[in-house]
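J.: Below: sequence and its predicted model.
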Amino acid sequence: MSHTGITAAVVAAVAAFAGADAYCAQQRTFVASYGSDTNLCKIAAPCRTLAPAVAQTQNGGEVIVLDGAEYGTVTITKSIAIVGPRAVYAGISVTSGAGIIVNAPGTHVRLEGLSLKGFGGAVGLRVDAASLVVVERCTIEGFSDAGIRSSVGDPNILVHHTTIQDNGVGIVVDGPTRIVVEHGHLDTNVGAGMRIGSGAAATIANSVVAFNGTHGLLIQPAAGTAGAAVVRTLFSENGGDAIHASAAPSTNVTLSLSTSELRRNANGLAVDATTGATVGVDAEDSAISDHAGAGIVASNTGGTVKFTISGNVITRNGTGVANSGALFESRGNNTFNYNGSNGGPLTLFAPM
């Protein structure tokens, strides 16, 4: 081969290698208000929106937001983190559909420091499939259907230090979803703060659930089981009940309430069971007060409703306990004060 031919071949090979390197996935990519989606999403040449940055990020990598701007909707199909640093506005404006869709079976996804805002959008975060989705320091507001929705797949979702407000419903979980909300705010949603459906389980801890249009927490399986644990959480000023559990025929609902405050809702804790349904409630060391209706409401029409109450303060309600067909077991250490009527009946059993 001539010298000229060799040189041309080398140049072509170098160019091909450079092109391949330019488009290979990177461990860390960047987006910025001054970026371009034709860039390589590197720190010196960031992309403008999240979708191309996610596409150029390797599995297990992360996308970093460099400055305040709106960064577009995105569908996630791999393990990845999208991080908006503190004091940086990392916005996602949604005019239709969902802001972020996670459809990544068996993966871990972290969303940190993002602000999702609905301007006609239905859902802020939709989780279709994942092993774990962590939502940290985010704001999700203004979505007609739900702030967060998980209806299929088998995900675990952790929502930490996040505000979910002004949506149709704050959080909706169905199917075998398990969700933990810690240090969260579920406020001013049109419907419920959180709705738990068939097969789902939720834990709410150290949070505030307030000023929602209907119930603060609604547990309502159409089939199978559903359950919730509530710890050190305030439910206040909700248009419906603080916590409402409704068991359809042949379903099973479990609820644990501990060291929480239910104050100034329509009712405090309300449950109902119909034919063949089972509801089990443990309520301990909580303050249930200032409800125009009742502190606790239990209605059983053909199912089984069993309450165990211990160490609660039930005060200044229209009725302390409004019991219709449920078994209430009290350790005898609950305090009833200043209710219109203390209600009942209760069955006393000895402290253990």
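T.: Right, received. Where do you want to start?
J.: Can you tell me which residue is spatially central in the chain?
T.: residue 171 (4.7 Å; Cα atoms, centre = their mean).
J.: which stretch of helix or strand covers that one?
T.: Using DSSP states H and E, residue 171 maps to strand 169-173.
J.: Need the residues that contact that strand.
T.: Residues outside strand 169-173 that contact it (Cβ atoms under 8 Å, 6 or more residues apart in numbering): 145-151, 157, 159, 164, 179, 181, 186-187, 189-197, 200, 202, 212. Using the backbone N, CA and C atoms, a C-beta is placed for each residue, glycine as well.
J.: Which among these count as buried?
T.: 145-151, 157, 159, 164, 179, 181, 186-187, 189, 191-197, 200, 202, 212 (16 or more other Cβ atoms under 10 Å).
J.: Please flag which of these sit within strands.
T.: 146-150, 157, 159, 164, 179, 181, 186-187, 194-196, 202 (DSSP state E).
J.: okay but residue 321 is in contact with residue 314, surely?
T.: Yes: taking contacts as Cβ atoms under 8 Å, residue 321 lies within contact range of residue 314: 7.1 Å.
J.: Any chance you could list residues touching both of those two?
T.: 295-296, 342.
J.: Selection in PyMOL covering whichever of these are buried, please.
T.: The PyMOL command for the buried members of the shared contacts of residue 321 and residue 314 (criterion: 16+ other Cβ under 10 Å) is given here:
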select buried, resi 295+296+342
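J.: got a markdown table for the shared contacts of residue 321 and residue 314, with distance to residue 93 too?
T.: What follows is the shared contacts of residue 321 and residue 314, written out as a markdown table (distance: Cβ to Cβ, whole Å):
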| residue | distance to residue 93 |
| --- | --- |
| 295 | 42 |
| 296 | 43 |
| 342 | 52 |
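J.: Among the shared contacts of residue 321 and residue 314, which lie within strands?
T.: 295-296, 342.
J.: re the thing from before, now, among the shared contacts of residue 321 and residue 314, which is nearest to residue 258?
T.: residue 296 (14.8 Å; Cβ to Cβ).
J.: For that closest one, list each beta-bridge partner.
T.: residue 269, residue 321 (DSSP bridges).
J.: Surely it and residue 318 touch.
T.: No: using Cβ under 8 Å, residue 296 is not in contact with residue 318; the gap is 11.6 Å.
J.: How about the contacts made by residue 85?
T.: By Cβ under 8 Å, 6+ apart, the neighbours of residue 85 are 64-65, 113.
J.: again, only using 10 Å
T.: Counting by Cβ atoms under 10 Å, 6 or more residues apart in numbering, residue 85 touches 64-67, 112-113, 137.
J.: Generate a ChimeraX selection restricted to the buried entries among those.
T.: The ChimeraX selection below is limited to those of these classed as buried (16+ other Cβ under 10 Å):
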select :64,65,66,112,113,137
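J.: Can you add pLDDT and secondary structure and give the contacts of residue 85 back as CSV?
T.: Shown next, in CSV, are the contacts of residue 85 (pLDDT from 0 to 100; DSSP: H, G, I helix; E, B strand; the rest coil):
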residue, pLDDT, secondary structure
64, 98, strand
65, 98, strand
66, 98, coil
67, 98, coil
112, 98, strand
113, 98, coil
137, 98, coil
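J.: For residue 281, state which of the contacts of residue 85 is nearest.
T.: Using Cβ to Cβ, the contacts of residue 85 come closest to residue 281 at residue 137, 32.9 Å.
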